[in-house]
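1. Just the structure for this:
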Amino acid sequence: MPPTPPAEPRPAVPPPASASVRALSFSAAAALYAAARPGYPPEVFAALEEATGRPLDALRAVDVGAGTGIATRELVRRGAHVVAVEPGDGMAAELRRALPGVPVVRGDGNHLPLADGVADLVTYAQSWHWTDPARSWPEAVRVLRPGGILALWWNVADHEVPWVAEQDSRIRRHLGADHGVHAAPAPGDASRAVGLPVQGTARHRLSWSRRVSVRTHLDNLASHSAFLVRDGEPARADRRFLAEEGARLRELFPDGTVEERYVVDLATTAV
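-> Residues are numbered from 1 along each chain as shown. As a prediction, this is how the structure comes out:
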């Protein structure tokens, strides 16, 4: 039986949207998400092979909360046999367009529409925090074969980089203290904060970076749910805020190219 998952003034902000509203907000911006969000470094997929003890081309994988297929694409490119699970209409449509050969099943991690014991590997790239671990953990265990691996990971902006930390502070002041976009969960918390058992869970922190235009960086910020759920005057304020961020970044990066620095926070658990 699986273990039980374990006074600066700020502007007024509207009440936070529910987790379910935020989780489904990406579908309306699926093309933006696909174009602007970062991928993952090769070391993530090497760590998955190490965890399973087998090459990815020998595995049947389920990518849950697959979104537009950013992680799915890398699994497929390395030969894994992948089924994608995605709840959002727009995200699923974008995934099918980008990866027409990948089966896409509509559902979420709290109730996987899959048979028992069908996967060697279940992955959640940027998506486990949208689930209820009390339900999603036993669902992953059910779908995995004995000895299978559950892998969760997040791209977390590297707050050791001064401009990243300063930008995050501005975003939190703008949106409200609990609505940064740079980390979910906080760096180093991939196994402790999200309901995985301590025993049998391995943690990895993998540093990497990418170089993108200022426009792509701003689109990346805008593709986060904390921005996507807002409309009316808050959305107009967001556009002004992002324009001001663009001006700051062009001063900081005069050639118009931003080096985004990340730490991938990866947790793998054998079941």
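2. contacts, neighbours, all on C-alpha from now
-> Will do.
3. which stretches of the protein aren't confidently modelled?
-> 1-20, 23-24, 177-194 (pLDDT under 70).
4. which residue is nearest the centroid of it?
-> Centroid-nearest residue in the chain: Gln126, 1.7 Å away (criterion: CA atoms, centre = their mean).
5. and the host helix or strand of Arg205, what other elements does it pack with?
-> For Arg205, the host element (DSSP states H and E) is strand 201-213. Secondary-structure packing of strand 201-213 (3 or more CA pairs under 8 Å, 6 or more residues apart in numbering; DSSP states H and E): strand 257-270.
6. Can I get the strand it packs on in CSV, CA atoms only?
-> Written as CSV, here are the backbone C-alpha positions of strand 257-270 (Å, rounded to 0.1, in the frame of the first residue of the first chain):
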residue,chain,number,x,y,z
THR,A,257,19.4,39.0,-25.4
VAL,A,258,18.5,37.8,-21.9
GLU,A,259,20.4,34.9,-20.3
GLU,A,260,17.8,33.1,-18.3
ARG,A,261,19.4,31.0,-15.5
TYR,A,262,17.6,28.0,-14.1
VAL,A,263,18.0,25.2,-11.6
VAL,A,264,15.9,22.1,-12.5
ASP,A,265,14.6,20.6,-9.2
LEU,A,266,14.0,16.9,-9.9
ALA,A,267,12.7,14.2,-7.7
THR,A,268,12.5,10.5,-8.6
THR,A,269,10.7,7.9,-6.6
ALA,A,270,10.7,4.1,-7.1
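7. ok, now how distant is Val122 from Val83?
-> Per CA to CA, to the nearest Å, Val122 is found 10 Å from Val83.
8. now the angle between strand 257-270 and the strand holding Arg205, please.
-> Here the directions of strand 201-213 and strand 257-270 differ by 160 degrees (axes from the mean of the first three to the mean of the last three CA atoms, to 10 degrees).
9. Tell me who's in contact with the closest residue to Ser136 other than its chain neighbours.
-> Distance criterion CA to CA, 6 or more residues apart in numbering; nearest residue to Ser136, sequence neighbours excluded, is Asn110 at 4.5 Å. Contact analysis of Asn110 by CA atoms under 8 Å, 6 or more residues apart in numbering lists Thr131, Asp132, Pro133, Arg135, Ser136, Glu139.
10. any common contacting residues for Val122 and Val83?
-> Contact criterion CA under 8 Å, 6+ apart; residues shared by Val122 and Val83: Ala61, Val62, Asp63.
11. who wins for neighbours among those residues?
-> When neighbours are counted by other CA atoms under 10 Å, Val62 leads the shared contacts of Val122 and Val83 with 30 neighbours.
12. doesn't that residue fall inside a strand?
-> Yes: under DSSP: H, G, I helix; E, B strand; the rest coil, Val62 falls within a strand.
13. circling back to that earlier point, what is the subsequent helix or strand relative to the strand holding Arg205?
-> Assigned by DSSP H and E, the successor of strand 201-213 is helix 214-222.
14. Mind giving me the packing neighbours of the helix or strand following that next one?
-> Using DSSP H and E, the next helix or strand after helix 214-222 towards the C-terminus is helix 225-228. If contacts are counted by 3+ CA pairs under 8 Å, 6+ apart, helix 225-228 sits against helix 19-24.
15. switch the cut-off to 7 Å
-> Helix 225-228 sits against no helix or strand, with contacts defined as 3 or more CA pairs under 7 Å, 6 or more residues apart in numbering; DSSP states H and E.
16. Tell me how far the helix ranked longest in the chain lies from the chain's centre.
-> For the chain, the helix with the greatest residue count under DSSP state H is helix 232-252. Here helix 232-252 shows a centroid-to-chain-centroid distance of 23 Å under the convention CA atoms, centre = their mean, to the nearest Å.
17. now do stretch 101-117
-> Relative to the centre of its chain, stretch 101-117 is centred 18 Å away, using CA atoms, centre = their mean.
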